[in-house]
Every structure is written in structure tokens, then in C-alpha cells.
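Trainee: Give me a 3D structure for the following:
(chains A and B)
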There are 2 protein chains.
Amino acid sequence: MLEQVSSTKVFGGWLRQFNHQSEVNNCSMRFAIYLPPQAATQKVPVLYWLSGLTCTDENVMQKSGIQRVAAELGIAIVAPDTSPRGDDVADDPDASYDFGLGAGFYVNANQAPFKSNYQMYSYIVDELPALIEAKFNVNQTRSISGHSMGGHGAITIGLKNSLRYQSISAFSPICNPINCPWGQKAFNGYLGADQTSWAEYDSCELIKKTDAKIPMLVDQGNADNFLTEQLQSESLKTAANINQYPLTLRMQEGYDHSYYFISSFIEEHLRFHAKYLIK
Amino acid sequence: MLEQVSSTKVFGGWLRQFNHQSEVNNCSMRFAIYLPPQAATQKVPVLYWLSGLTCTDENVMQKSGIQRVAAELGIAIVAPDTSPRGDDVADDPDASYDFGLGAGFYVNANQAPFKSNYQMYSYIVDELPALIEAKFNVNQTRSISGHSMGGHGAITIGLKNSLRYQSISAFSPICNPINCPWGQKAFNGYLGADQTSWAEYDSCELIKKTDAKIPMLVDQGNADNFLTEQLQSESLKTAANINQYPLTLRMQEGYDHSYYFISSFIEEHLRFHAKYLIK
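Mentor: Below you'll find the model as predicted:
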């Protein structure tokens, strides 16, 4: 059951927020959906947007300007939250910004106490699309994009489910979480100290061995303070080359990690996805 | 002296925040300026954007998408704060959202204790443009726009200074502050109980008697919760008609008071101003 939280007209379409009870995450989850004007009369394809650390469903809707191009092209945008939330949901005991609430990392946790709620991988891949496709005027043609932790989510989920997504894009993704502080902290907490299972959530490891090669566009600012230690886009390029994966990685001169960077290139990402979402 | 607070690349230009000591407001003021790519090689015109209650310089820069069109057209955007601020600046004793800090109403206060700092009219009309034109690669061609309280500011300042601005626009302006609760509270506090001076800051009163008729565009959502009690755009239209003022007032079906509304039409406002800013 969907509980509508808000409804706002934007660029002739409607931005709506909903709460619903997630079975896999075992808590109430909020998401936002932007329905372009075309959805009033026809089923439209969907771009899933995964946000970064500390974000909610609101950041991309408020700051990226994504609705303008989505309205032009006739693409719905779905923005889930970045973790389970609620009084009964375990958080990092230190309440840090990079683990626990707001930092689900789009994995299925197998470690207590997180495994009771942090099933963000299954939520994004299965539960949320099933709900969206049952309740809104959308078809089953999907693409996926995201920023930072959400770029990591978009690439790993896209690569592992190449039949479910037409195209993948990312801004400033965490490309190699098994080899960076953010990723190691999260994977240790959600997946445990045994690192053998970590590779299945690592974009560099996945891109080396995937058979399906769906289109992928990645933008990375070269003035991004997190580039060297946390994001490591060059590692993704190297791994893609090993498998001759057709990755388009663009280093953008002077841009940082913010939504100002995303707003500057979101139109190009939507037009990239539209080539595959709209036949 | 300008103290730079931030510098962020957006759409090929630069969004920068600065602090400076305001003489008229007698405190440190922050503003934001977006310099489009063209400003690297030539002097560009400036659109001043006045924000609404509770806002700072950041709202329009984060949420409106204004930089995209400003970058295309070669217009700088200057966003001042909405009031003086600081430990020594008087606030509403009740710390309400609609008077005192974040609610300067773009007037010159003449009542203690506010008159020591709340000289926002002089700040916007004189002090800030002089600073902008001395320190940045801009020319003296200016237009003015704003939202809600800032729409009131844009219209009143534009009408009272028709030689200084090429064009005026507003989203959801407070059109008749002398006849609405927000305006009456603010004017009573800043200007005193004697209402004879209030009319000089009222758009409806000013538009009835102005001789100079510079182009003016106003957009108002008809699903705006503040429309009837606080904004009263029909009163502006009626007053404009009395003086045959060429006001374009557009009622926008289904839109509310938020920045989602602004983002949907900001491109049209910039193209409107560009007709007069760029010869």
C-alpha cells in the first residue's frame, strides 16, 4: 500500500513522494517518483536514480534539474532512499555519515544486526520496480544511474542484472569499494570480515568478467576531493579495458563532487539513456 | 573587501559565495554570484535575484536550475541574502520566520532596534551593485527578479529605480504588502505604525503612479497556498490596469509556491530579461 506524502507539479508533470512498507527491508521506506506529462496518456520507461551518502529521495529532485529533460523525453524518474530508516533500524553505533542510516551501499547485509533491514540490493532490483510497475503508468523498460555511493549501486546492479536494464550511467561513482575506506568500512559491517563475498558488489571486479555489455556512461570531475582515495575512476577504466567493456568515462575539468556537477551534465545522461529506453 | 567562501564550477561557469562588510547594514553580508563562461573574456550584464522568507543566497542557486540558461545567454546572477545577520543584529523577539532574520523585506527600516541593520533597500539598490561592478567582470546593465518576498522586492525596487534596471520579473510576489498579514507585520516592525510611509514599498501603490514603464513579467501558480491571503496577484493586475502599465501576469495551472515552480519557468524569465539585457 502506498501512502502519498507530497505531490508537486514540475515542468508539466508530477513529482510525488510515497511511503510504503518494504518486505525485504522490514520497515517503512520512502521514495520519490517524477511522472512526466506523457505518463498521463501512455506508459513511460523509468530511470532509477540511486543517491549518495547522507542523501534521501529528495536531493536529486531538488538539485539536479532532472525533471526538465525527463519531461521533454517522456521518462519517469524513481529515486529511492539510501538506506532503511526508522527507530527499529540499526545504525552505526558512532552515527557516522558513511555507514548505517543514509549509507546502505545497495548491498544485502548478512551480518547482525544489519541483515534484518539492510537489504537494499533486493529492494532496488526487485521489490521497488515491482511496486512501481504495478502502481504507476510505466512500462518495464528501465535504466539506472546514480551518484557516488549511488553510482556504485547503479553500476553493480546494472552489471549484475543486464537483462533488467537498458543502460547504466554514473556520476563520481565509488568504483572499487573493496579497495577504498568508504567501501571497506561498509562491506566489513554489512558483509563481514570474510572478503570473499565482497567482490560481487565491486564494479571493478564485476566489469572484468561480465558477458553482457550494456551501454555505460560515467562522468567524473577532476576537482573532486574524493577522487583519489575513494572513487578511483581510473581503476574502473582499467578493469573495463581488460574485458573490452565499452565504457565511456569522461573526466570533467574543474568539476567537484556536488550536485552542481550533476546538474551540469544530467541532460547528457538522460539523452544517453533515452537512446536505449525509447525505441 | 571580499572574502571568498566557496567556488564551484557549474555549466562551465563559476558559482562563488563571498562575505563582505556592508556599510549600510552595518554587519557582514554574504552573497552568491554566478559568473557564466562568457565572463572570462567579456563584461556581462547582471540579473539580481531576491529570495523569499527564510531563504539565503543558496536557494536559487541550488534549486532553480538558473545557471544553465545564464550560461547559455551570458548573464551573471547575483543572489544576496534576505536580511542582515549576525549576533549583533536584532531579530524578532519571537524568532518567527516572517520578520527579522531571513525576512528583511527589502525596505530601509526606520524603527529601533531594526534601523541599525535592516537597510536592505539601500543595500540592493546601491551598495551591492557598486561592489559587484567594481569587483567582477560585469557591466552596468541590470535586471531584477525574485520570489515571494523577493518578488515584492524586485517589483518595488525595479519600479522605484527604472533607470537602473532594464526589466523586472517575479514569481509569486507579495503584491500588496500593506494589505496582507506578512507585509503588515513587517512594515509595522520596520517602518512603524504610521502607515503613510508604507505605500512607497507597495507594488500595487507604485505601479498605479509610475511614469516609467519598464517590461515586467510575473508568474503565479494557482495552486499556491499563499495566493489569496498573502500574494494577491489580481490586485497587482488591477493596479497596473489603472495606469495602463504593460504587466504580463501569467496564472500557471496547478503550480505551487515552491522552487519546483520556479525551476519550471526560470528559463522563460531569463529569456525575457535577455531581450533587454543583451542588445
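Trainee: Might you report the residue contacts of residue A:160?
Mentor: A:125, A:200, A:206 (C-beta atoms under 8 Å, 6 or more residues apart in numbering or on different chains). Just so you know, the C-beta spots here come from the backbone N, C-alpha and C atoms, and that holds for glycine as well.
Trainee: And for the second one, the neighbour number?
Mentor: Spelled out, that is residue A:200. Neighbours of residue A:200 under the rule other C-beta atoms under 10 Å in any protein chain shown: 14.
Trainee: quick one: is the strand or helix carrying residue A:19 near chain B?
Mentor: Taking DSSP states H and E as the definition, residue A:19 sits inside strand A:13-22. Yes. Using C-beta under 8 Å from any C-beta of the partner chain as the criterion, contacts between strand A:13-22 and chain B involve residue A:15.
Trainee: Quick one: name whatever helix or strand follows that strand.
Mentor: Next in sequence after strand A:13-22, counting helices and strands by DSSP H and E, comes strand A:27-35.
Trainee: For that next one, which residues meet the burial criterion?
Mentor: Within strand A:27-35, the residues that count as buried by 16 or more other C-beta atoms under 10 Å in any protein chain shown are A:27, A:29-35.
Trainee: next one: stretch A:95-106
Mentor: Buried residues in stretch A:95-106, counted by 16+ other C-beta under 10 Å: A:98-106.
Trainee: Close to chain B: what parts of the stretch 101-250 of chain A are there?
Mentor: Counting by C-beta under 8 Å from any C-beta, the stretch 101-250 of chain A sits next to chain B at A:221, A:223.
Trainee: Just say helix, strand or coil for whichever residue of the stretch 101-250 of chain A sits closest to chain B.
Mentor: Nearest to chain B in the stretch 101-250 of chain A, going by C-beta to the nearest C-beta, is residue A:223, at a distance of 7.0 Å. Of the three states, residue A:223 takes coil according to DSSP: H, G, I helix; E, B strand; the rest coil.
Trainee: what about residue A:279, how many neighbours?
Mentor: Neighbour tally, residue A:279, other C-beta under 10 Å: 7.
Trainee: For it, which residues are in contact?
Mentor: By C-beta under 8 Å, 6+ apart, no residues touch residue A:279.
Trainee: helix/strand/coil for it?
Mentor: Classified using three-state DSSP, residue A:279 is coil.
Trainee: Helices along the stretch 101-250 of chain A, start to end?
Mentor: A:120-122, A:128-135, A:149-160, A:181-191, A:203-209, A:233-242 (DSSP state H, counting those that start in this stretch).
Trainee: Now stretch A:132-141: buried residues?
Mentor: A:132, A:136, A:138, A:141.
Trainee: Which residues outside stretch A:255-266 are in contact with it?
Mentor: A:59-60, A:63-66, A:69, A:147-148, A:171-172, A:219, A:221-226, A:252, B:8-12, B:15, B:62, B:65, B:67-68.
Trainee: The residue of the stretch 101-250 of chain A closest to chain B: how many residues sit nearby?
Mentor: Neighbours of residue A:223 (other C-beta under 10 Å): 15.
Trainee: wait, it sits on residue B:8?
Mentor: No. Counting by C-beta atoms under 8 Å, residue B:8 is not a contact partner of residue A:223; they are 9.1 Å apart.
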